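> pasted the sequence and its predicted model underneath.
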Amino acid sequence: MTYPPGPPYPPGPGWGPPAPSAPGVGDALRFGWTAVQPVWGRAVLLFLGPVLVFLGAVGAIYVPVVVGFVEAVRLQEEALAATPPGTYTGTALGFPTGAIVWLAVLFVLVAVLGAGLQVLGARFGLLLVDGRVPTARELYRGHGLGRSFATSLLVTALGAVGSLVFYLPGLAVMVLGQLAVYLAVDRGVRPVAAVREGFRLAWQHVGTVALLLLATIGVNWVGGLVCGVGVAATYPITFTATAWLYRALAARTP
């Protein structure tokens, strides 16, 4: 004989509805993919120019370094071939002073361009999270640009300095500092306050934020396989995913 199911058991003392699940990296990437799809063509065009400029600056650094290294190896081989057996003559890789200054200027330029690209991405992602269609006017508007750009430069500088100290502090800045620019764009706070609050928010959700960094690096690496410019198609997704996760974590953090 089959009995009908009885009424559900009442909750015990102190029980309530289940707590909402914490936002995760998968949720963020799904939102980024879904939100960008309707405006993907526009997004690629918005990012293509900055990406090409950034890649050009990076190439201007690496090409002379690679050429200089290859030339040094060639000179080393010639010196070894002309040296009698049993003796050794070495050559060192060196650059003229002017070339070193030029490379230093290019390194600073790459840092500035990268900081600007972070601000552009944060604005793009937050606009989509708010349900608005990003436009060039919105991305490049002057209001709030100074503080956001200064925040991005500050995070870049902290990461560069930290990388000189056994690399681990720089890695920590990469993980904990990735939300600071979004906070500066979203709330218009000053750079030092944005970095401090961004670090605090990321530290309270360090596991999720670290996984987000790995996921976005992986997605952008796949985009970079297409002659480097493929990141113009993946940046919109990863920036939007980061913006969504920033908002979700900020809403859960006092």
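Received, thanks. Residues are numbered from 1 along each chain as shown.
> so for the strand or helix carrying Val105, what gets flagged as buried?
Element membership for Val105, per DSSP states H and E: helix 97-129. Of the residues in helix 97-129, those scored as buried under the neighbour-count criterion (16 or more other C-beta atoms under 10 Å) are 103, 106, 109-111, 113-129. Yep, even glycine has a C-beta here, placed from its N, CA and C like the rest.
> check contacts around the residue lying closest to His205 once chain neighbours are set aside.
Once flanking residues are discounted, His205 sits nearest to Leu249: 5.1 Å by C-beta to C-beta, 6 or more residues apart in numbering. Contact criterion C-beta atoms under 8 Å, 6 or more residues apart in numbering gives 23, 179, 201, 204-205, 208-209 as the residues in contact with Leu249.
> where is pLDDT lowest across those residues?
Lowest pLDDT among those: Pro23, with 84.
> what does the pLDDT read for the residue nearest to that residue when sequence neighbours are not counted?
Across the structure, with C-beta to C-beta, 6+ apart as the measure, the residue nearest Pro23 apart from its sequence neighbours is Ala248 (3.8 Å). The per-residue pLDDT reported for Ala248 equals 93.
> Ala248: which element?
Ala248 is part of helix 231-252 when elements are defined by DSSP H and E.
> run the chain-centre distance for that helix.
Between the mean C-alpha location of helix 231-252 and the chain-wide mean there is a distance of 10 Å, by C-alpha atoms, centre = their mean, to the nearest Å.
> and the contacts of Leu249, which are buried?
With neighbours counted by 16+ other C-beta under 10 Å, these contain buried members at 23, 179, 201, 205, 208-209.
> have a look at this protein and report the helix or strand with the lowest mean pLDDT.
When the helices and strands of the chain are scored by mean pLDDT, DSSP states H and E, helix 40-82 comes last with a mean of 78.
> rewinding a little: relative to Val25, how far out is the residue nearest to His205?
According to C-beta to C-beta, to the nearest Å, Leu249 and Val25 sit 11 Å apart.
> quick check: neighbours shared by these two?
Both Leu249 and Val25 are in contact with Thr208, where contact means C-beta under 8 Å, 6+ apart.
> any stretches of the chain with poor pLDDT?
1-21, 65-73, 75-76, 78-99 (pLDDT under 70).
> again, only this time at 50
1-19, 91 (pLDDT under 50).
> residues near the nearest residue to Leu117 once chain neighbours are set aside, how many?
The spatial neighbour of Leu117 that comes closest, neighbours along the chain excluded (C-beta to C-beta, 6+ apart), is Pro50 at 5.4 Å. Neighbour count of Pro50, defined by other C-beta atoms under 10 Å: 18.
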